[in-house]
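Undergrad: Sequence plus the predicted model coming up.
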Amino acid sequence: MSDLTLPVLDLSLLDQGPDAAARFRDELRAATHDVGFFYLTGTGVSPALEASLLAAAKGFFALPEADKLAIENVTSPHFRGYTRVGGERTQGRVDWREQIDIGPEREAITDPDAPGYDRLIGPNLWPAAQPELKEVVTEWHDHLTGVARKLLRAWALALGAEEQYFDRHFGDPQTLIKIVRYPGKDDPTPQQGVGAHKDSGVLTLLWVEPGKGGLQVERDGEWVDAPPVSGAFVVNIGELLEYATQGYLRATNHRVISPRFPDERISVPFFFNPALDARLPIIELPADLAAEAHGVEDDPTNPIHATYGENALKSRLRAHPDVAERWHSDLVAARAAS
């Protein structure tokens with residue numbers, strides 16, 4: 001793995017005694033301070049579960065268009081369901097991918113005085129033609145939630161906080177699973193599978209179909225490839241963890257280049273974030289780490305909010321302007337006026 005552009009960390013070290021656990025925490029802190037991305041092995045996800053997820057993903061995208069459009073996200077004020085190719089935007093440009101978005105299964109909040117981000121709470125849209133998708137996704141969600149919690153406890157200790165720091169401030173986690181298909185393009189120039197961006201929350205665990213490249217991470221002003229590693233997730237931090245550490249840990253720009261036709265690529269990012277109304281307080285870092293915290297990146301076009309729901313709503317309104325206009329024109333107008 002010496003030719004890989006990202007560090008490789010083994011989560012199972014946390015269960016191999018105090019010395020191994022301390023080594024993992026040191027590697028975790030260094031990887032997310034220096035790069036913001038790393039590969040994670042030792043997660044306990046079985047090859048059988050990976051195969052089931054890939055089969056379910058391919059099965060969904062192979063459904064007749066009418067079955068997919070029956071759960072199109074423009075019918076959901078909560079930004080759930082299917083997005084057709086070209087239906088999402090990053091930095092204002094069209095992303096060349098199709099996907100299904102799945103969040104926590106909740107009743108919609110109807111209180112007119114609730115904060116805007118509460119509109120993200122609601123039921124999922126599941127394809128009637130593929131009932132097995134829900135079972136596979138639920139198992140995937142439950143396993144990765146355990147992995148995410150384990151990582152966050154290690155991060156807390158690595159940053160000089162008590163182990164339960166993130167557990168105390170997360171509340172009921174707001175998760176999001178995207179099952180994404182990048183169809184091949186035959187244009188002579190690379191196409192935007194998904195444009196350059198930073199994730200808006202805390203933690204992302206990305207599973208990529210074996211052997212399929214396209215992910216690129218920005219390092220020192222250059223785009224470097226992050227090819228998939230068998231049995232590993234690609235992990236990155238989001239803007240809220242940058243905020244909580246005042247820039248000691250930094251969210252990193254990344255993008256996906258579309259595969260060349262006739263190839264395609266399946267990927268499944270899992271976003272693990274606090275409750276929408278949770279505010280992550282700034283972590284009081286040890287003096288040696290605080291000296292290397294250079295503040296939150298100042299981008300007037302992309303403000304980072306302390307409350308997770310504000311970050312999440314900002315991202316969803318930008319990414320899905322058709323959903324925003326149909327269901328949330330008042331929020332769009334308020335932002336335009338501010």
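TA: Right, received. Where do you want to start?

Undergrad: so where is this protein shaky, pLDDT-wise?
TA: 1-4, 87-93, 188-194 (pLDDT under 70).

Undergrad: all helices for it, in order.
TA: Listed in chain order, the helices of the chain (DSSP state H) span 18-34, 47-61, 65-69, 132-158, 165-170, 239-244, 287-290, 308-319, 321-327, 329-337.

Undergrad: what about those, which gets the closest to residue 214?
TA: Residue 214 lies closest to helix 47-61 among the helices of the chain, at 15.6 Å (CB to CB). Any C-beta I mention is one placed from the backbone N, CA and C, and that applies to glycine too.

Undergrad: tell me the angle that closest one makes with helix 132-158.
TA: Helix 47-61 runs at 130 degrees relative to helix 132-158, counting by axes from the mean of the first three to the mean of the last three CA atoms, to 10 degrees.

Undergrad: Please report the distance of residue 43 from residue 311.
TA: The gap separating residue 43 from residue 311 is 26 Å, by CB to CB, to the nearest Å.

Undergrad: Please identify which of the two sits among more neighbours.
TA: residue 311 (26 against 21; other CB atoms under 10 Å).

Undergrad: Look up how far residue 266 lies from that one.
TA: Residue 311 is 27 Å from residue 266, by CB to CB.

Undergrad: Okay, and the beta partners of the closest residue to residue 231 other than its chain neighbours?
TA: Among residues not flanking residue 231 along the chain, residue 41 sits closest, at 5.8 Å (CB to CB, 6 or more residues apart in numbering). With DSSP bridges applied, residue 41 shows beta-bridge pairing to residue 10.

Undergrad: since we're on residue 41, how many residues are nearby?
TA: For residue 41, using other CB under 10 Å, the count is 17.

Undergrad: these two touch, right, it and residue 9?
TA: Yes. Using CB atoms under 8 Å, residue 41 is in contact with residue 9, at 7.3 Å.

Undergrad: if I pick the residue nearest to residue 231, what's in contact with it?
TA: Residue 41 is in contact with 8-12, 229, 231-232, counting by CB atoms under 8 Å, 6 or more residues apart in numbering.

Undergrad: Nearest to residue 171, out of those: which one, please.
TA: Using CB to CB, the contacts of residue 41 come closest to residue 171 at residue 11, 24.1 Å.

Undergrad: so what's that closest one up against?
TA: 24, 40-43, 147, 150-151.

Undergrad: ditto for residue 276
TA: Residue 276 neighbours (CB under 8 Å, 6+ apart): 115, 117-118, 120-121, 174, 307-309, 312.

Undergrad: Let's see that with 6 Å instead.
TA: 117, 174, 308-309 (CB atoms under 6 Å, 6 or more residues apart in numbering).

Undergrad: Compare the residues you listed and tell me which is most surrounded.
TA: Going by other CB under 10 Å, residue 308 tops the contacts of residue 276 with 28 neighbours.

Undergrad: Name the nearest residue to that residue, ignoring sequence neighbours.
TA: residue 274 (4.6 Å).

Undergrad: Look at that neighbour and say how many residues are nearby.
TA: 23.

Undergrad: same deal with residue 259?
TA: So residue 259, with other CB under 10 Å, has 19 neighbours.

Undergrad: again, but for residue 240
TA: 26.

Undergrad: Ok, residue 275 next?
TA: The burial count for residue 275: 17, using other CB under 10 Å.

Undergrad: looking at it, it is touching residue 172, isn't it?
TA: Yes. Counting by CB atoms under 6 Å, residue 275 touches residue 172, with 4.8 Å between them.

Undergrad: what's next to stretch 141-151, contact-wise?
TA: 43, 203, 205, 270, 272.

Undergrad: Please enumerate the strands of the stretch 101-250 of the chain.
TA: Assigned by DSSP state E, counting those that start in this stretch, the strands in the stretch 101-250 of the chain fall at 174-183, 192-197, 203-208, 215-219, 222-225, 233-237.

Undergrad: any idea how far residue 231 is from residue 13?
TA: The value you get for residue 231 to residue 13, if CB to CB is used, is 15 Å.

Undergrad: More neighbours: which of the two?
TA: Neighbour count, other CB under 10 Å: between residue 231 and residue 13, residue 13 has more, with 20 against 15.

Undergrad: separation between the closest residue to residue 77 other than its chain neighbours and residue 309?
TA: Leaving aside its sequence neighbours, residue 77 sits nearest to residue 327 (CB to CB, 6+ apart; 3.9 Å). The gap separating residue 327 from residue 309 is 16 Å, by CB to CB.

Undergrad: how many neighbours does residue 299 have?
TA: Other residues close to residue 299 by other CB under 10 Å number 10.

Undergrad: what does residue 220 give?
TA: With other CB under 10 Å as criterion, residue 220 counts 5.
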